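1. Kindly return the folded structure for what I paste below:
(one chain, ligands or ions: 1)
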Amino acid sequence: MSIQKLGVIGVGQMGSGIVQVAAQAGLTVLASDKDGSRNEKAKAKIEKGLSRLVEKGKLSDEDLKATLGRITWTTSLQDFADQDLVIEAITENPQAKEELFKQLDEICSEKTVLATNTSSISVTRLAAVTRRPNKFIGLHFFNPVPVMKLLEVIKALSTDEATYAVAKEIGEKLNKQIVTAQDSAAFIVNRTLIPFLNEAAFVLYEGVGTAEDIDQAIKLGLNHPMGPLELSDFVGLDVVLAVLDVLYREFGDVKYRACPLLRKYVEAGWLGRKTGRGFYNYA
Ligand code: CAA
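-> Residues are numbered from 1 along each chain as shown. Below you'll find the model as predicted:
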């Protein structure tokens, strides 16, 4: 299959990044959020990102216009009937994702491959709500999508080889390096990353170091681009907590118990950069 038409549903931080790189790669992209104002926000963000590339001399004005011209914005799922591949990047909520995939399964033509950008939910479970579980796969991108080289591909139990080939094709088209993971909770990267971020929250909670010292220590001591608390704020504390809760439920292992401080921050609505406050204050 040659993917020409890509649909992206949910255009928050991850979805808008996927839309941008796909349009830059020459694909025709249909982007949708059920909330139209999020479409407007994503559009502005992509225009800003591409304009920065023009300023740096990495993209011409014509290419910027052509890239934006390849993106169509909609709020209607009905428009997705004729896509080759549809990537879901909505909120990390299993019920919401299941509901969306049931609807997409009704709307999309037989050829359409469905994919989820979930960072922790069972891909097999999502595939099973559709009548095309063989044409279903996990495509996990990383934030910021235009910068991060990795695409983690997750095969559901039911994914067939033709669908896996589509995942490899989209990875190549978007200039990402592929790593394939089995469908086990949080896959490879988040299974490793999220307990590390949680441990940093515990280190803060127990007063072992200040937030600044924890981040500085990890950046200088391990050569990480961001410290773990800064990275948690970047990813979203709600996302970090949601992944921890999935790991805890799935494996029943106490090592995945979320730090109470993290849970409290989420209860307070301190979700990190996106709300202006998390471990740090961005106001
Ligand atoms: N969109 C597009 N480009 C961006 C960008 C964005 N949001 N943010 C930064 N960039 C680009 C810059 O334009 C710059 O490009 P050039 O080198 O061509 O000039 C380059 O990235 C470096 O940016 P900066 O100099 O502004 O800043 P930096 O050197 O501090 O890098 C960073 C910023 C790339 C975000 C870096 O701090 C980093 O790699 N942080 C770690 C990110 C990470 O771990 N992401 C994974 C999170 S986990 C996840 O996503 C999975 C999940 O399910 C939770």
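2. Give me every residue in the stretch 51-200 of the chain that's in contact range of the ligand.
-> Arg52, Ser119, Phe142, Asn143, Pro144, Pro146, Val147, Met148, Asn190 (Cβ under 6 Å from any ligand atom). From N, CA and C alone the C-beta is placed, and that goes for glycine too.
3. Could you count how many residues lie near the first one?
-> Burial of Arg52, expressed as a neighbour count using other Cβ atoms under 10 Å, amounts to 12.
4. Going along the chain, name the strands of the stretch 101-250 of the chain.
-> 113-116, 136-140, 150-155, 177-182 (DSSP state E, counting those that start in this stretch).
5. now for those strands, which one comes closest to Leu30?
-> Smallest distance to Leu30 across the strands of the stretch 101-250 of the chain (Cβ to Cβ): 14.0 Å, for strand 113-116.
6. Quickly list the domain ranges of this structure.
-> 5-181, 191-275 (automatic domain parsing).
7. still on that earlier bit, report the lowest-confidence entry in the residues of the stretch 51-200 of the chain next to the ligand.
-> Ranked by pLDDT, those bottom out at Ser119, which has 91.
8. and the gap between that residue and Gln103?
-> Noted for Ser119: a distance of 22 Å to Gln103, by Cβ to Cβ, to the nearest Å.
9. Kindly report the same for Gly171.
-> Relative to Gln103, and taking Cβ to Cβ, Gly171 is found at 26 Å.
10. out of these two, which sits in the busier spot?
-> Neighbour count, other Cβ under 10 Å: between Gly171 and Gln103, Gly171 has more, with 18 against 14.
11. Hmm, the more buried one is touching Gln177, no?
-> Yes: using Cβ atoms under 8 Å, Gly171 is in contact with Gln177, at 7.5 Å.
12. what is in contact with the two at once?
-> Residues touching both Gly171 and Gln177 (Cβ atoms under 8 Å, 6 or more residues apart in numbering) are Leu151.
13. circling back: for the domains of the chain, give me CSV that also has distance to Tyr282.
-> Converted to CSV, the domains of the chain look like this (distance: least, Cβ to Cβ, whole Å):
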stretch, distance to Tyr282
domain 5-181, 15
domain 191-275, 6
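14. Looking at these, spot the one closest to Ala283.
-> Of the domains of the chain, the one closest to Ala283 (Cβ to Cβ) turns out to be domain 191-275, at 9.8 Å.
15. and that closest one, what's its mean pLDDT?
-> 97.
16. what residues are up against Asp116?
-> That one is not Asp; residue 116 is Thr. Ile87, Glu88, Lys97, Phe101, Val123, Leu126, Phe136, Ile137, Gly138, Leu139.
17. Quick one: closest of the strands of the stretch 101-250 of the chain to Ser232.
-> Comparing the strands of the stretch 101-250 of the chain by Cβ to Cβ, strand 136-140 comes nearest, at 18.0 Å.
18. Now do the nearest residue to Ala165 once chain neighbours are set aside: how many residues are near it, please.
-> Spatial nearest neighbour of Ala165, chain neighbours left out: Met1 (7.4 Å); criterion: Cβ to Cβ, 6 or more residues apart in numbering. Neighbourhood size, Met1 [other Cβ under 10 Å]: 12.
19. Provide the count of other residues in contact range of the closest residue to Tyr282 other than its chain neighbours.
-> Nearest residue to Tyr282, sequence neighbours excluded (Cβ to Cβ, 6+ apart): Gly276, at 4.9 Å. Residues within reach of Gly276, counting by other Cβ under 10 Å, total 13.
20. Gly276 contacts Gly269, doesn't it?
-> No: with contact defined as Cβ under 8 Å, Gly276 and Gly269 do not form a contacting pair (9.9 Å).
21. picking that back up, ok, now which ones touch the residue nearest to Ala165?
-> Applying Cβ under 8 Å, 6+ apart, the residues near Met1 are Asp84, Lys111, Val113, Ala162, Ala165, Val166, Glu169.
22. Give me the ChimeraX select line for these, limited to the buried ones.
-> Those of the contacts of Met1 that count as buried under 16 or more other Cβ atoms under 10 Å are selected in ChimeraX with:
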select :84,113,166
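23. now the contacts of Met1 in JSON lines, with distance to Phe251 and pLDDT?
-> Listed next are the contacts of Met1 as JSON lines, based on distance: Cβ to Cβ, whole Å; pLDDT from 0 to 100:
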{"residue": "Asp84", "distance to Phe251": "36", "pLDDT": "97"}
{"residue": "Lys111", "distance to Phe251": "37", "pLDDT": "95"}
{"residue": "Val113", "distance to Phe251": "30", "pLDDT": "98"}
{"residue": "Ala162", "distance to Phe251": "32", "pLDDT": "97"}
{"residue": "Ala165", "distance to Phe251": "31", "pLDDT": "97"}
{"residue": "Val166", "distance to Phe251": "30", "pLDDT": "98"}
{"residue": "Glu169", "distance to Phe251": "33", "pLDDT": "97"}
